[in-house]
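>>> Here is a sequence together with a model predicted from it:
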Amino acid sequence: MKQTTIFLLSSALTIIIPVKSARADINPRAAAAARALEARYHDAKTLEAMFLERYSDSRQSLQAESGRVYFSRPGRMRWEYEAPEQKLFVSDGKTVWFYVPSDHTVTRAPLKQSTDWRTPLALLTGKARLSQLCQSLDLSAEAPGAQGHVVLSCRPRGEKAKGKGPTEDNVEGSIAPVDHQFDEVLLEVDPQSGELADVRVLQPGGIELEYRFGNWQENLPLVESLFRFQAPAGVAIVEQPK
């Protein structure tokens with residue numbers, strides 16, 4: 001399940017394709033917070049933060065993990081899980097790797113074949129806008145985790161948009177729409193600063209994935225080797241099914 005969790009929540013950050021998405025139905029009440037979120041991360045070259053990941057399902061089970069995450073344009077990321085066990089998830093923009101040292105295995109998948117889903121996190125590298133990720137966007141009735149924050153409700157797109165060939169403009173701001181297995185994405189935002197505090201992905205069957213962020217740092221120099229992965233000697237490489 002843990003491998004599925006990681007691969008469920010990531011590749012939309014990196015599955016960037018040259019399409020033009022239809023405009024989202026954005027409620028005026030949510031528009032200001034959405035603009036603040038997009039503006040906050042649009043020009044950031046690199047990002048670093050602490051994260052807490054939580055997984056729960058209809059059986060009320062709860063699993064929590066924590067660590068540090070790094071983002072770098074275009075579409076690269078590194079998730080270093082520190083507790084309760086060490087794990088590593090890396091995307092170099094073409095391939096995604098998930099390494100569990102205790103299992104002595106690493107899972108590898110071509111970026112466009114990955115079944116990951118971290119669509120809201122595409123915003124963190126300036127690669128997408130909410131109007132491209134969401135069919136509709138509104139303020140949620142869910143209570144935010146911090147005073148003064150708001151929660152945006154994104155209903156993900158379910159069909160791929162038809163677009164033209166790649167150009168400098170539409171490649172930079174476009175992303176593949178998501179599929180039908182996700183019901184709703186909730187994004188907790190500070191409407192004043194635009195800082196993203198929390199992402200919750202709601203799936204059928206009562207499954208919920210949550211990432212809570214803290215201690216954001218922007219435009220720090222990050223070495224290229226952070227976003228490359230070399231399997232250690234003796235580690236088995238498992239190819240993700242296409």
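Cool, the structure landed. Numbering: from 1, shown residues only.

>>> was I right about residue 88 contacting residue 102?
No: the pair residue 88 / residue 102 is not scored as a contact, 11.8 Å apart, by C-beta atoms under 8 Å. Backbone N, C-alpha and C define where each C-beta goes, glycine included.

>>> and these two? which has more neighbours close in?
residue 88 (17 against 8; other C-beta atoms under 10 Å).

>>> Neighbouring strands of the helix or strand in which the more buried one is found in the sheet, and parallel or not?
Element membership of residue 88, judged by DSSP states H and E, is strand 87-91. Looking at strand 87-91 with DSSP bridges, its partner strands are strand 76-83 (antiparallel), strand 95-100 (antiparallel).

>>> Could you verify my assumption that residue 29 touches residue 139?
Yes: counting by C-beta under 8 Å, residue 29 does reach residue 139; the two are 4.9 Å apart.

>>> These two: which is more packed in?
It is residue 139, of residue 29 and residue 139, that has more neighbours when counted by other C-beta under 10 Å, with 17 against 12.

>>> Can you tell me how far the more buried one is from residue 89?
Going from residue 139 to residue 89 by C-beta to C-beta, to the nearest Å gives 31 Å.

>>> what do you get for residue 66?
14 Å.

>>> who touches both of these two?
Shared contacts of residue 66 and residue 89, defined by C-beta atoms under 8 Å, 6 or more residues apart in numbering, comprise residue 81.

>>> Neighbour count: those two, which is higher?
Per other C-beta under 10 Å, whichever of residue 66 and residue 89 has more neighbours is residue 89, with 25 against 14.

>>> How many neighbouring residues does the residue nearest to that one when sequence neighbours are not counted have?
Leaving aside its chain neighbours, residue 89 sits nearest to residue 79 (4.0 Å; criterion: C-beta to C-beta, 6 or more residues apart in numbering). Applying other C-beta under 10 Å, we find 23 residues neighbouring residue 79.

>>> Show me what residue 79 bridges to in the sheet.
Applying DSSP bridges, one finds that residue 79 bridges with residue 69, residue 89.
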